[in-house]
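Enquirer: coords please:
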Amino acid sequence: MPFRTRGASVALATLATLAAPVCRPPGAAAADARPGWSAAPAPGAGSRPTGDDRPFFYLEGAPGTVLADRLAVTNPAGHPVTVRLRGAPAPGGTDASAWLAPAADRVRVPARTRAAVPFTVRVPRDAAPGERTAVLRADGPGGGRSVPVHLRVTGPALAALAVEDVTVARGDEGAEIRYTLVNRGTTVLRPRLAVRADGVLGTALRRPARALPLTLAPGQRVRRTETWSDPPALDAVDVTLTVTAAGGAHALARAGYAPLSRGALGAGALAVAAGAGGALWRRRRRAGRTAPPDQHTSETRELTRVGDRP
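Expert: The predicted model follows:
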């Protein structure tokens, strides 16, 4: 597995010193009145531009690589400090905390000392390209510190979306259209959905494309439901879902809906046909009974003449 040193990572430069006061008992030495321990990215370590201090970690690499950097834990107090280290999820974004591994999960920092603790980020071989976030968490006396880690997995960007498992069924209020959205690409997608239902009697439903209140990470699956308050009472329809997203992602899927079973619909159709046929037969019968008498008389006379001929 390839290994990249921290010189291969990319860092944004600015000053970031996370510090919190440490409580001290009355009469403690004046040195203990200084700010307590802090945790921040170690100075340098491939930062860009050339500043020594960074507000957060920023690393990038291809799937299957191992990225490395260092966390600086500073203890200005006059006594040693023990700090526990671990990766943790960052608020929002796509979590990559499971990829972080500090060189030690517990570090003892002597008085008035700064310790640089290495850590690695192992990018899985099947990781999709895109942005990831996490924090390197340090917990010690007086609370904890969270140092953000921004990671970019390199690779080609592909926007691909799928709609699966579409069903339409009766619900408590009308009908429910259930479906599953799947992000089959390598980029984060914000899908839009359009719904249409067409039957023998025409269009029963038409909803223009609208943004859905969700974000799909690569490989993520989400089950959703659309409510349909006024589905047709008699017509059988085909429901079409069209989903799109930025980058050219497009997907389409269909499902049928009938308020009655096929047998009931078939029986109803036969009943309608039988009724129409009966009505036609009755009209013809009435027409035969009311035919003009002259027509029958003229036909009889014509036959008589023909028979009289030698």
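Enquirer: you'd agree S146 is up against L136?
Expert: Yes: using C-beta atoms under 8 Å as the test, S146 is close enough to L136 to be in contact (7.5 Å). Every C-beta, even on glycine, is put in place using the N, C-alpha and C of the backbone.
Enquirer: Of the two, give the one with the bigger neighbour count.
Expert: Comparing S146 with L136 by other C-beta atoms under 10 Å, the one with more neighbours is L136, at 26 against 17.
Enquirer: so what's that one bridging to?
Expert: Applying DSSP bridges to L136 gives these bridge partners: G87, V147.
Enquirer: That one and L100 touch, don't they?
Expert: Yes: with contact defined as C-beta under 8 Å, L136 and L100 form a contacting pair (6.3 Å).
Enquirer: what do those two both touch?
Expert: Here L136 and L100 have 86-87, 119, 149 as joint contacts, going by C-beta atoms under 8 Å, 6 or more residues apart in numbering.
Enquirer: Could you pick out the buried ones from those?
Expert: Burial by neighbour count, judged by 16 or more other C-beta atoms under 10 Å, picks out 87, 119, 149 from the shared contacts of L136 and L100.
Enquirer: low-confidence ranges in the stretch 201-310 of the chain?
Expert: Counting by pLDDT under 70, the ranges of the stretch 201-310 of the chain that qualify are 260-310.
Enquirer: in the stretch 1-150 of the chain, which spans are strands?
Expert: Assignment of strands within the stretch 1-150 of the chain using DSSP state E, counting those that start in this stretch yields the ranges 11-12, 38-41, 47-48, 57-61, 66-75, 81-88, 100-102, 106-109, 113-122, 130-140, 143-153.
Enquirer: For A249, find the nearest of the ones you listed.
Expert: Proximity of the strands of the stretch 1-150 of the chain to A249 was assessed by C-beta to C-beta; the nearest stretch is strand 130-140, lying at 14.1 Å.
Enquirer: Please, where are all the helices along the protein?
Expert: 262-289, 293-308 (DSSP state H).
Enquirer: buried sites along stretch 201-220?
Expert: Going by neighbour count (16+ other C-beta under 10 Å), the buried part of stretch 201-220 is 204-205, 212, 216-218.
Enquirer: List just the nearest of those residues to P80.
Expert: When these are compared for distance to P80, the smallest value, 42.0 Å, is given by A217; criterion: C-beta to C-beta.
Enquirer: what sits up against stretch 105-114?
Expert: Under the criterion C-beta under 8 Å, 6+ apart, external residues in contact with stretch 105-114 comprise 31, 37, 72-86, 115, 117.
Enquirer: got the end-to-end distance for it?
Expert: Using C-alpha to C-alpha, to the nearest Å, the span of stretch 105-114 from its first residue to its last is 17 Å.
Enquirer: Buried residues in it, which are they?
Expert: Residues of stretch 105-114 classed as buried by neighbour count (16+ other C-beta under 10 Å): 107, 109, 114.
Enquirer: Output those residues in TSV, with pLDDT appended to each entry.
Expert: As requested, the buried residues of stretch 105-114 are exported to TSV (pLDDT from 0 to 100):
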residue	pLDDT
V107	95
V109	96
R114	94
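Enquirer: Could you single out the nearest of those residues to R192?
Expert: V107 (48.4 Å).
Enquirer: who touches the closest residue in space to T215 that isn't next to it in sequence in this structure?
Expert: The spatially closest residue to T215, leaving aside those adjacent along the chain, is R190, at 5.6 Å (C-beta to C-beta, 6 or more residues apart in numbering). Contacts here follow C-beta under 8 Å, 6+ apart; on that basis R190 touches 211-212, 214-216, 245-246.
Enquirer: Tell me the spacing between R190 and A96.
Expert: The spacing between R190 and A96, counted by C-beta to C-beta, to the nearest Å, is 20 Å.
Enquirer: How about Y257?
Expert: Y257 sits at a distance of 42 Å from A96 (criterion: C-beta to C-beta).
Enquirer: what does P124 give?
Expert: From P124 to A96 the distance is 10 Å (C-beta to C-beta).
Enquirer: More neighbours: which of these two?
Expert: Counted by other C-beta under 10 Å, P124 and A96 do not tie: A96 has more neighbours, with 23 against 12.
Enquirer: Retrieve the pLDDT associated with the spatially closest residue to the more buried one that is not a sequence neighbour.
Expert: Counting by C-beta to C-beta, 6+ apart, the nearest residue to A96 once its immediate chain neighbours are dropped is R132, at 3.6 Å. Predicted confidence (pLDDT) for R132: 90.
Enquirer: change the start of the numbering to 25 and stick with it
Expert: Okay, residue one is now 25; in that scheme the one you just asked about reads as R156.
Enquirer: what bridges to R156?
Expert: Partner residues in beta bridges with R156: L175, with DSSP bridges as the criterion.
Enquirer: which residues touch it?
Expert: Taking C-beta under 8 Å, 6+ apart as the test, what R156 contacts is 117-120, 123, 174-177.
Enquirer: does A273 really touch G209, like I thought?
Expert: Yes: taking C-beta under 8 Å as the contact criterion, A273 and G209 are neighbours in contact, 6.6 Å apart.
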